[in-house]
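# prediction below, plus the sequence it came from.
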Amino acid sequence: MARRGLVIVFTLLGVAVFVSLVGLAGLYFLIGREPSVPANAVLTLTVGGELAEVAPTDVVAYVRGARTPTVRNIVDNLRKAKVDGRISAVLLKATGFSTPYWAKVQEIRDALIDFRTSKKPVYAYLEYGGDRDYYLASAADKVFLTPSSTLDLTGVATYEVFLRGLLDKVGVYPDLHHIGEYKTFSNTFTEKGFTPAHREMDASMNRDLYDQIVRAVAGARGKTEPDVRQLIDQAPFLPQAAKAAGLIDDFAYEDQVMGKLREAKPAATRTIEGDDYARIALSSLGLNKGPRIAVIYFAGAIASGKNGYDPLEGATIGSDTLIEYIRKVRKDSSVRAIVLRIDSPGGSVVASDAIWRELMLAKKERADRPIVASMSDLGASGGYYIAAPAEAIVAEPSTLTGSIGIVGGKFVTGGIYEKLGASLDSASIGKRAEMNSPIRPYNLDELKKVDEQLKAFYDDFVAKVAESRHKTSEEINQIGQGRVWTGQQGKAIGLVDALGGLERAVSVAKERAKIPGDSDVELVFYPAPKSFYELLSDQLSGNSDSAVIGKWLKANLSAAEFDLLRTARGPAAMFRRGEPLALMPIHYLR
């Protein structure tokens, strides 16, 4: 009888699993089909959140059609809508950004400005008038703010967390060391406040970003830059005051904004959501055809091994995975140019160097196949290291780049055990066997060795950048020292060649590959978007568990709580104890 019961239970479980798989497959085939685009449609683009570079690997979100839009999805939607005769206007809904950076927002803003050359109107609706929301919306023909919100265009501030006092209380000693006066990653753990160099660097970047915002708003709203500076000092604004100041066109609810848009375009009676329009193939509109250009994504902290996902830091770049992609591109004779799409704060020096080597081999293998780097929010430290082989480096004005410096060391955690009444002891053979011991700090002999290694890695980093940028090591050392620059500052000092996003980088690659400027190209992406079946396989195998944990943490913690947890754990926890790191400082840019 018991045996029959087990058979029934397992049979029912098998039927349930089968039905679930059939249901998921049915949803996939239903959603996988291209949607019908009505004539004279208004494309509704909802933009906000994290603005990912690479699509998240979540099968449930995939079949629900609720995937986090990538920057490329949004830009491609605008590229398609620009030439699509069925799209008559765009309604932009900026819904709040969780990213602490600005470059991805700038890239989407550039795409909106390009779309407007089609003479199709763009109306922007702001449910909340945050700084990034308004900056993006200012690119529209008209800007509307909900009547119950404020316009919070109040300037730029950088927030830093310093954990030294906390570490002292719990018995942890940060035995961290760096090369470069401005290499401030370790300051988060070794200091209780800004050092003079750290404050100078942050203040410089804040001023530059502030100037970029002022310039953009002034140009968009027909004002002088001094006028905009004065208005920012008067913010935040209630909707009536924002309208009177000329920063918005009116205050209205979303349905009223849509009504105003239809007054301007009477034939526009239907809408299509951006998520749905994203399933329209570029090729169906005559785009993404022609000579092939490979786009390799470098999104996340750089580590040895395979690509992965850290619940607190997000995606990680594995040197093994990236080298595999580069080798595939090297073998593809049809690829006319390579674009490196970089969004990385850096990471392991060893992993960065391994990727650098493979890119140098690709560069030497075919002189007629240019390599161009496109930097997103971050192209700093190890991120800049892997950009060095490129013939040209393109960055947005607010991209954080440079940070040419090295940090290394260890956290001595033996004090925690002592506070808990426990103790650690050791036995070893070899003069430096306990060099990376968690029980005690480095002794003088070990510290000399650490400094020697860090200096060697720094000198090598500087030499490689100097060779690629056609400068002397002394010149690079002057602008290196671990200092982070904005993309605009980087261009002024020779670390960046051109300002713009991925589209600008593709244009530079076309020019260097001698592809006619008016010719379209086919972009081949690495990694390629995963199929439904690959996502399902990852889900069933548990490969996406870390991403699920990360999403849970973000869903159940406030932004401030998540940032504090991330800082306290520290990205260095992803690397081997004592491993030299080319990693930019931790900071939160408002």
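Great, that's in hand.

# going by C-alpha atoms from here, please, whenever you check contacts or count neighbours.
Fine.

# pull the number of nearby residues for the spatially closest residue to Glu475 that is not a sequence neighbour.
In space, and not counting its chain neighbours, Glu475 is closest to Ala466: 7.7 Å by C-alpha to C-alpha, 6 or more residues apart in numbering. Other residues within reach of Ala466, judged by other C-alpha atoms under 10 Å, total 19.

# and Ala466, what element?
helix 444-468 (DSSP states H and E).

# just the mean pLDDT for that helix, thanks.
For helix 444-468, the mean per-residue pLDDT is 96.

# about what we covered before: tell me how far the residue nearest to Glu475 lies from Ile479.
11 Å (C-alpha to C-alpha, to the nearest Å).

# quick revisit: buried residues in whichever helix or strand comes after the helix holding Ala466?
Of the helices and strands lying after helix 444-468 in sequence (DSSP H and E), the nearest is helix 473-479. Using 16 or more other C-alpha atoms under 10 Å as the test for burial, helix 473-479 gives Ser473, Ile476, Asn477, Ile479.

# for stretch 216-228, same thing?
For stretch 216-228, by 16+ other C-alpha under 10 Å, it's Ala216, Val217, Ala218, Ala220, Arg221, Glu225, Val228.

# tally of neighbours for the residue nearest to Ser519 when sequence neighbours are not counted?
Distances taken as C-alpha to C-alpha, 6+ apart put Gly290 closest to Ser519, at 7.2 Å, once the chain neighbours are dropped. Gly290 sits with 13 neighbouring residues when counted by other C-alpha under 10 Å.

# show me the contacts for Gly290.
Ser519, Asp520, Val521, Glu522 (C-alpha atoms under 8 Å, 6 or more residues apart in numbering).

# try it again with 7 Å
Asp520, Val521, Glu522 (C-alpha atoms under 7 Å, 6 or more residues apart in numbering).

# before we move on, the earlier item: the residue nearest to Glu475 contacts Gln478, correct?
No - contact between Ala466 and Gln478 fails when scored by C-alpha atoms under 7 Å: they sit 11.2 Å apart.

# re earlier: between the contacts of Gly290, which has the most around it?
Val521 (20 neighbours).

# for the closest residue to it other than its chain neighbours, give me phi and psi.
Here the nearest residue to Val521 in space, its sequence neighbours aside, is Gly290; by C-alpha to C-alpha, 6+ apart that works out to 4.3 Å. Per-residue torsions, Gly290: phi 120, psi -160 (degrees, to the nearest 10).

# mind pulling up the pLDDT for the residue nearest to Ser519?
At Gly290, pLDDT is 95.

# could you do Gly578 as well?
62.

# ok, the one 10 residues further on next?
On the pLDDT scale, Tyr588 is placed at 47.

# measure stretch 140-160 end to end?
Per C-alpha to C-alpha, stretch 140-160 runs 33 Å from first to last residue.

# kindly report the same for stretch 376-396.
Using C-alpha to C-alpha, the two ends of stretch 376-396 sit 7 Å apart.

# for stretch 143-161, same thing?
Per C-alpha to C-alpha, stretch 143-161 runs 36 Å from first to last residue.

# average pLDDT across that stretch?
Here the average pLDDT along stretch 143-161 is 94.

# now tell me what touches it from outside.
By C-alpha under 7 Å, 6+ apart, stretch 143-161 touches 123-131, 137, 188, 206, 210, 232-233, 235-239, 242, 248-253, 587-590.

# quick one, which of these are buried?
Buried among the contacts of stretch 143-161 by 16+ other C-alpha under 10 Å: 123-131, 137, 188, 206, 210, 232, 235-239, 242, 248-253, 587, 589.

# restricted to strands, list those.
Tyr123, Ala124, Tyr125, Leu126, Asp250, Phe251, Leu589 (DSSP state E).

# can you name the residues that contact Val54?
Thr70.

# next, it: phi, psi?
phi -120, psi 140.

# distance of it relative to Ala299?
Taking C-alpha to C-alpha, one finds Val54 at 7 Å from Ala299.

# per the record, what domains does this protein have?
1-33, 36-154+235-281, 289-585 (automatic domain parsing).

# could I get those as JSON lines with distance to Phe194?
Converted to JSON lines, the domains of the chain look like this (distance: least, C-alpha to C-alpha, whole Å):
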{"stretch": "domain 1-33", "distance to Phe194": "51"}
{"stretch": "domain 36-154+235-281", "distance to Phe194": "19"}
{"stretch": "domain 289-585", "distance to Phe194": "12"}
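
# and those: which comes nearest Tyr182?
domain 289-585 (4.7 Å; C-alpha to C-alpha).

# on that earlier part again, give me the common contacts of Ala466 and Gln478.
With C-alpha under 7 Å, 6+ apart, Ala466 and Gln478 have no common neighbours.

# so where's the protein uncertain?
Along the chain, the parts satisfying pLDDT under 70 run over 1-33, 56-68, 310-313, 530-578, 586-590.

# mind checking how far the residue nearest to Leu238 when sequence neighbours are not counted is from Gly96?
Distances taken as C-alpha to C-alpha, 6+ apart place Thr150 nearest to Leu238, at 4.8 Å, with adjacent residues excluded. Going from Thr150 to Gly96 by C-alpha to C-alpha gives 13 Å.

# just to revisit the earlier point, in CSV, list the buried residues of helix 473-479 along with distance to Val42.
As requested, those are exported to CSV (distance: C-alpha to C-alpha, whole Å):
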residue, distance to Val42
Ser473, 54
Ile476, 50
Asn477, 52
Ile479, 48
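
# pull the most distant pair out of these.
Ser473 and Ile479 (10.1 Å).

# off-centre distance for stretch 45-56?
Remark: stretch 45-56 is offset 10 Å from the chain centroid, using C-alpha atoms, centre = their mean, to the nearest Å.

# got the buried residues for it?
So, applying 16+ other C-alpha under 10 Å, buried residues of stretch 45-56: Leu45, Thr46, Val47, Gly48, Glu50, Leu51, Ala52, Glu53, Val54, Ala55, Pro56.
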